[in-house]
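Student: kindly generate the corresponding structure for this input.
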Amino acid sequence: MEEQRNGVHLLTYADRFGGDLAGLRRLLTEGPFAVFSGVHILPFFTPYDGDDAGFDPVDHTTVDPRLGDWSDVVALSDAGIDVTADVIVNHVSADSAEFRDWLARGADSPYAGMFLTFDTVFPEGGTEAGITAIYRPRAGLPFTPYEMADGTRRLVWTTFMPSQVDLDVAHPVARDYLSRVMRTFAEAGVRTARLDAVGYAVKTAGTDSFMTDDTLAFVAEVTELAHAEGLEVLVEVHAHHSQQRAVAAVTDLVYDFALPPLLLHALETGQTDRLAEWLEVRPANAITVLDTHDGIGVIDAGPAREWPGLMDHDEMAAVFEAAARRTDGESARASTPVAWAELPHQVNSTFYSVLGEDDDAYLLARAFQLFTPGRPQVYYVGLLAGSNDVALSEETGVGREINRHRFTDAEIDAALERPVVRDQLELIRLRGSHPAFDGEFSCARAGEGVLVLTWSHGEHRAELRADLARRTHTVTATERPGA
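Tutor: Down below sits the predicted model:
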């Protein structure tokens with residue numbers, strides 16, 4: 001299909017918005033949600049409901065039959081919807097056929113070398129300083145002992161969970177595996193491969209093994225693998241804004257994870273200088289978000305190593321404190337610090353709850369996102385202005401589940417009766433169809449706490465006046481052709 005430069009994409013789980021892949025397609029092609037030009041379907045592989053909500057695939061090349069099959073993905077593509085799917089480059093499930101075969105057969109397994117062991121990174125042994133320098137998004141160390149069939153015990157890298165075993169992405173067997181996954185995607189009509197957890201994928205002794213020069217080189221290499229299969233590449237990494245810009249230079253798309261915390265800071269303080277600065281330097285090839293299945297990243301706007309952030313440590317802490325206050329402590333209980341860090345790297349909460357369920361503030365934030373250059377992506381919970389699902393978070397023991405509500409058809413219908421949801425859909429329709437967004441963007445300050453975002457293309461114009469101090473906004477636009 002033709003490039004839809006201004007189209008807005010949806011981010012969702014198939015089972016939590018529509019029930020399955022066929023239900024998701026109906027929602028996106030029949031009725032009020034038929035305003036999206038693309039959809040990022042979060043892991044729908046076998047199984048979609050594992051230890052990490054599908055990000056621990058046992059079989060990355062099959063669709064979980066409870067959700068449908070590859071023909072359902074083809075049908076979405078045939079309906080004119082650009083499909084994005086996750087290539088989980090860092091790990092697979094410990095229950096995968098490949099890992100089980102290696103445990104059983106060792107060096108005789110065709111998958112020998114596919115999985116990363118302690119000795120691969122530290123062949124001469126690791127020092128206390130070298131091991132504790134490793135950056136990990138969880139508490140503790142990133143290793144799990146596994147016993148081979150012959151009784152040999154191996155220390156396998158498990159960056160995220162013991163059941164998620166890391167790939168040795170430098171090994172030809174692992175590279176062949178990744179190519180096979182991407183080939184399967186391309187054959188099913190998937191357009192974009194999102195590289196999940198790529199910042200952790202390369203382990204280099206003597207470094208913190210996160211977003212190193214070796215990581216950047218790997219991003220370029222795996223982008224070439226995807227291009228060879230005809231896929232566009234979106235890189236997912238929560239990192240310092242300078243590292244995001246470096247990644248943007250070697251791949252097709254990156255996330256603008258700095259925008260959400262900067263918006264939260266501005267809405268709390270009325271200060272717009274951080275936002276205005278970011279709009280001047282951010283990558284042009286960005287996916288803009290407010291929230292995702294992983295919560296609201298704050299680390300992306302903060303300092304790292306010797307680099308200053310768009311916000312300092314105290315300003316980051318203030319974002320977490322404001323979120324806790326407006327959610328009556330729900331976000332604080334759901335958000336935990338990562339290893340060796342004082343603050344969590346993200347706020348676990350819905351964006352709507354973080355703003356105190358203030359419709360005006362929420363629509364301002366959504367409008368700001370949609371007027372920011374890049375490809376906007378709207379998370380399904382945010383689309384429906386969802387509140388925190390504390391019960392689901394407590395039931396699963398996973399803080400991020402607070403922002404992953406399973407919507408029934410009745411709940412979706414009820415949400416469509418709310419003005420805040422209908423107004424979002426109208427903003428999405430404007431961004432996807434107005435000719436002004438084919439033109440030039442500008443941002444101007446218009447008094448204390450006020451930014452004016454303008455798009456102009458010939459006689460067409462669309463303008464957002466965002467008063468972040470008062471939490472109000474206005475949108476004006478020339479009449480759309482055919483409207």
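
Student: endpoints of stretch 38-49, how far apart?
Tutor: The first and last residues of stretch 38-49 sit 23 Å apart, counting by C-alpha to C-alpha, to the nearest Å.

Student: give me the buried positions along it.
Tutor: By 16 or more other C-beta atoms under 10 Å, the buried positions in stretch 38-49 come out as 38, 39, 40, 41, 42, 43, 44, 45, 46, 47, 48. All C-beta atoms are positioned from the backbone trio N, CA, C, and that covers glycine.

Student: same thing with stretch 380-387?
Tutor: Of all the residues in stretch 380-387, those buried under the rule 16+ other C-beta under 10 Å are 380, 381, 382, 383, 384, 385, 386, 387.

Student: and for it, what are the contacting residues?
Tutor: Outside of stretch 380-387, the residues within contact range by C-beta atoms under 8 Å, 6 or more residues apart in numbering are 10-13, 16-17, 33, 290-291, 350-353, 357, 359, 362, 366, 403-405, 407, 411-412, 415, 418, 420-421, 424-425.

Student: can you tell me which of the buried residues of stretch 380-387 is closest to residue 300?
Tutor: residue 382 (17.6 Å; C-beta to C-beta).

Student: helix, strand or coil: sort out the closest one for me.
Tutor: Three-state call for residue 382 (DSSP: H, G, I helix; E, B strand; the rest coil): helix.

Student: separation between it and residue 420?
Tutor: 11 Å (C-beta to C-beta, to the nearest Å).

Student: circling back to that earlier point, which members of the contacts of stretch 380-387 occur in strands, if any?
Tutor: Those of these mapping onto strands are 10, 11, 12, per DSSP state E.

Student: now those residues as a markdown table including pLDDT and distance to residue 216?
Tutor: Listed next are the ones in strands among the contacts of stretch 380-387 as a markdown table, based on pLDDT from 0 to 100; distance: C-beta to C-beta, whole Å:
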| residue | pLDDT | distance to residue 216 |
| --- | --- | --- |
| 10 | 98 | 30 |
| 11 | 98 | 25 |
| 12 | 98 | 30 |
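
Student: of those, which is the nearest to residue 332?
Tutor: Closest approach to residue 332 among the ones in strands among the contacts of stretch 380-387 (C-beta to C-beta): residue 11, at 24.7 Å.

Student: who's in contact with that closest one?
Tutor: By C-beta under 8 Å, 6+ apart, the contact set of residue 11 is 39, 40, 42, 289, 292, 293, 377, 378, 379, 380.

Student: got the domain ranges for this protein?
Tutor: 9-88+171-435, 97-166 (automatic domain parsing).

Student: how about these in a markdown table, adding distance to residue 478?
Tutor: Putting the domains of the chain into a markdown table (distance: least, C-beta to C-beta, whole Å) gives the following:
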| stretch | distance to residue 478 |
| --- | --- |
| domain 9-88+171-435 | 8 |
| domain 97-166 | 46 |
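
Student: what's the most buried one of the ones you listed?
Tutor: Of all the domains of the chain, domain 9-88+171-435 carries the top mean neighbour count, a mean of 20, counting by mean count of other C-beta atoms under 10 Å.

Student: can you give me the end-to-end distance of that one?
Tutor: 18 Å.

Student: same deal with stretch 333-352?
Tutor: Note: stretch 333-352 ends 17 Å apart using C-alpha to C-alpha.

Student: same deal with stretch 336-349?
Tutor: One end of stretch 336-349 to the other measures 12 Å (C-alpha to C-alpha).

Student: how far does that stretch sit from its chain's centre?
Tutor: 16 Å (C-alpha atoms, centre = their mean, to the nearest Å).

Student: ok, residues contacting that stretch?
Tutor: Stretch 336-349 has contacts (C-beta under 8 Å, 6+ apart) with 132, 135-140, 238, 294-299, 313, 316-317, 319-320, 323, 327, 330-331, 334-335, 354, 388, 393, 399-400, 402-403.

Student: swap in 6 Å and give it another go.
Tutor: Contacts to stretch 336-349, defined as C-beta atoms under 6 Å, 6 or more residues apart in numbering, come from residues 136-137, 139, 295-297, 299, 323, 327, 331, 334-335, 388, 399-400, 402.

Student: one more: stretch 101-114?
Tutor: For stretch 101-114, contacts defined as C-beta under 6 Å, 6+ apart pick out 98, 148, 149, 171, 173, 174.

Student: how does it look with 10 Å?
Tutor: 92, 94, 96-100, 115, 120, 146-150, 152, 154, 156, 165, 167-177 (C-beta atoms under 10 Å, 6 or more residues apart in numbering).

Student: ok, back up a step: out of the domains of the chain, flag the one nearest residue 443.
Tutor: Taking C-beta to C-beta, domain 9-88+171-435 is the member of those nearest to residue 443, at 5.0 Å.

Student: need the buried residues of stretch 380-387 in CSV with distance to residue 273 and pLDDT, can you?
Tutor: Shown next, in CSV, are the buried residues of stretch 380-387 (distance: C-beta to C-beta, whole Å; pLDDT from 0 to 100):
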residue, distance to residue 273, pLDDT
380, 33, 98
381, 30, 98
382, 26, 98
383, 30, 98
384, 33, 98
385, 29, 98
386, 31, 98
387, 31, 98
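
Student: centre-most residue in the protein?
Tutor: Residue closest to the average C-alpha location in the chain (C-alpha atoms, centre = their mean): residue 292, at 5.5 Å.

Student: so it makes contact with residue 379?
Tutor: Yes. With contact defined as C-beta atoms under 10 Å, residue 292 reaches residue 379; the gap is 5.6 Å.

Student: shared neighbours, those two?
Tutor: With contacts defined as C-beta under 10 Å, 6+ apart, the residues shared by residue 292 and residue 379 are 11, 40, 42, 351, 403.

Student: wait, doesn't the second one sit right on residue 76?
Tutor: No. Between residue 40 and residue 76 there is no contact, the gap being 11.4 Å when judged by C-beta under 10 Å.

Student: so what does the residue nearest to residue 245 when sequence neighbours are not counted have for phi and psi?
Tutor: Leaving out its chain neighbours, the residue that sits closest to residue 245 by C-beta to C-beta, 6 or more residues apart in numbering is residue 283, at 5.5 Å. For residue 283, the backbone dihedrals (degrees, to the nearest 10) come out as phi -60, psi 140.

Student: what's residue 283 in contact with, if anything?
Tutor: Shown in contact with residue 283 (C-beta under 10 Å, 6+ apart): 241, 244-249, 253-256, 373-374.

Student: what sits against the residue nearest to the centre of the chain?
Tutor: If a contact means C-beta under 10 Å, 6+ apart, then residue 292 has 11, 40, 42, 236, 255, 257, 260, 346, 351, 377, 379, 381-382, 400, 403 as its contacts.

Student: and it, how far from residue 255?
Tutor: 8 Å.

Student: helix, strand or coil for residue 342?
Tutor: Assigned state for residue 342: coil (three-state reduction, three-state DSSP).

Student: and it, how far is that from residue 87?
Tutor: Distance from residue 342 to residue 87, counting by C-beta to C-beta: 32 Å.

Student: circling back: so what sits against both of residue 40 and residue 76?
Tutor: By C-beta under 10 Å, 6+ apart, residue 40 and residue 76 have these common neighbours: 82, 83.

Student: residue 478 against residue 461, yeah?
Tutor: Yes. The pair residue 478 / residue 461 is scored as a contact, 5.2 Å apart, by C-beta under 10 Å.

Student: which neighbours do these two share?
Tutor: By the contact definition C-beta under 10 Å, 6+ apart, residue 478 and residue 461 are jointly contacted by 434, 435, 436.

Student: do you know how far the first one is from residue 461?
Tutor: Right, the one you point to is residue 434. Relative to residue 461, residue 434 is positioned 9 Å away (C-beta to C-beta).
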